[in-house]
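S.K.: Here you go, sequence then predicted model.
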Amino acid sequence: MKALAAALVLALALTALAGPPAGAGPGAGLREGARVAFFGVHFIDTSQEGALNGVRADETARLRASEAQVTEALHAHGFETVPLAPVQAELDRVVNPADCNGCALRMAQRLGADYAMVSEVQKVSNLILSMNIVVLDAATGAKVRGISADIRGNTDESWRRGFSYILRNNIFRKGED
């Protein structure tokens, strides 16, 4: 029951992150050529499968592939990703950079980044997964972009398509609604 309550709280929190900040259209915010501290993709397994069977190699591979997909998209859109090595010791002590009381912002500032980017995938079951990316202005902490998308199916293709949707329709979207 506690796991279900935690999953519902997380789902509500992610829903609150779904849109751009007030007054910012889809083309607002991200400056091309900016420096981004991308803290990777964090996996949250609320399905209980991980607790019973341990870490799955295919899901670990999907996390790495998703991180590569996001990084490649950042570079393709003219952004520079900053190396995390100078803050790696602190990052290694953090369970989830997307939920660490502002530590991602502080690390991004120390790295000289313009933006902090965090991402999570929550596995509810092998059929239902929720993924999100949030981009924060490193100087102010203001949310510049962010959205959550639910996908169906725990496959390489569903993960790739989910992140592709988020990147195309929110993170790199240009123009007005």
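M.R.: Now that the structure is in, tell me what you want to look at.
S.K.: so where do the helices sit in this structure?
M.R.: Here the chain has its helices, by DSSP state H, at 2-16, 49-53, 57-76, 88-92, 103-111, 156-166.
S.K.: Quick one: those helices as JSON lines, columns for distance to residue 174 too.
M.R.: Every C-beta, even on glycine, is put in place using the N, C-alpha and C of the backbone. What follows is the helices of the chain, written out as JSON lines (distance: least, Cβ to Cβ, whole Å):
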{"stretch": "helix 2-16", "distance to residue 174": "24"}
{"stretch": "helix 49-53", "distance to residue 174": "38"}
{"stretch": "helix 57-76", "distance to residue 174": "14"}
{"stretch": "helix 88-92", "distance to residue 174": "31"}
{"stretch": "helix 103-111", "distance to residue 174": "24"}
{"stretch": "helix 156-166", "distance to residue 174": "15"}
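S.K.: among these, which is the most enclosed?
M.R.: helix 103-111 (a mean of 20; mean count of other Cβ atoms under 10 Å).
S.K.: shaky segments in the protein?
M.R.: Across the chain, the ranges flagged by pLDDT under 70 are 1-29, 175-177.
S.K.: Is residue 169 in contact with residue 147, as I believe?
M.R.: Yes: if you go by Cβ atoms under 8 Å, residue 169 and residue 147 touch, sitting 7.4 Å apart.
S.K.: ok, residue 97 - how many residues close by?
M.R.: 25 (other Cβ atoms under 10 Å).
S.K.: er, residue 137 I mean
M.R.: With other Cβ under 10 Å as criterion, residue 137 counts 19.
S.K.: With residue 115 as the reference, measure out to the nearest residue to it once chain neighbours are set aside.
M.R.: Computed as Cβ to Cβ, 6 or more residues apart in numbering, the closest residue to residue 137 that is not its neighbour in sequence is residue 144, at 5.4 Å. Per Cβ to Cβ, to the nearest Å, residue 144 is found 7 Å from residue 115.
S.K.: Find residues that contact each of the two.
M.R.: 30, 135, 136, 137 (Cβ atoms under 8 Å, 6 or more residues apart in numbering).
S.K.: show me the contacts for residue 132.
M.R.: If you count contacts by Cβ under 8 Å, 6+ apart, then residue 132 has 14, 17, 98, 119, 120, 146, 147, 148, 149, 166 around it.
S.K.: Give me the nearest residue to it, chain neighbours excluded.
M.R.: residue 148 (3.9 Å).
S.K.: The one you found: neighbour count?
M.R.: 21.
S.K.: Number the residues from 99 up from this point.
M.R.: Yep, numbering from 99; the last one is residue 246 now.
S.K.: pretty sure it is touching residue 229, no?
M.R.: Yes: between residue 246 and residue 229 there is a contact under Cβ under 8 Å: 7.0 Å.
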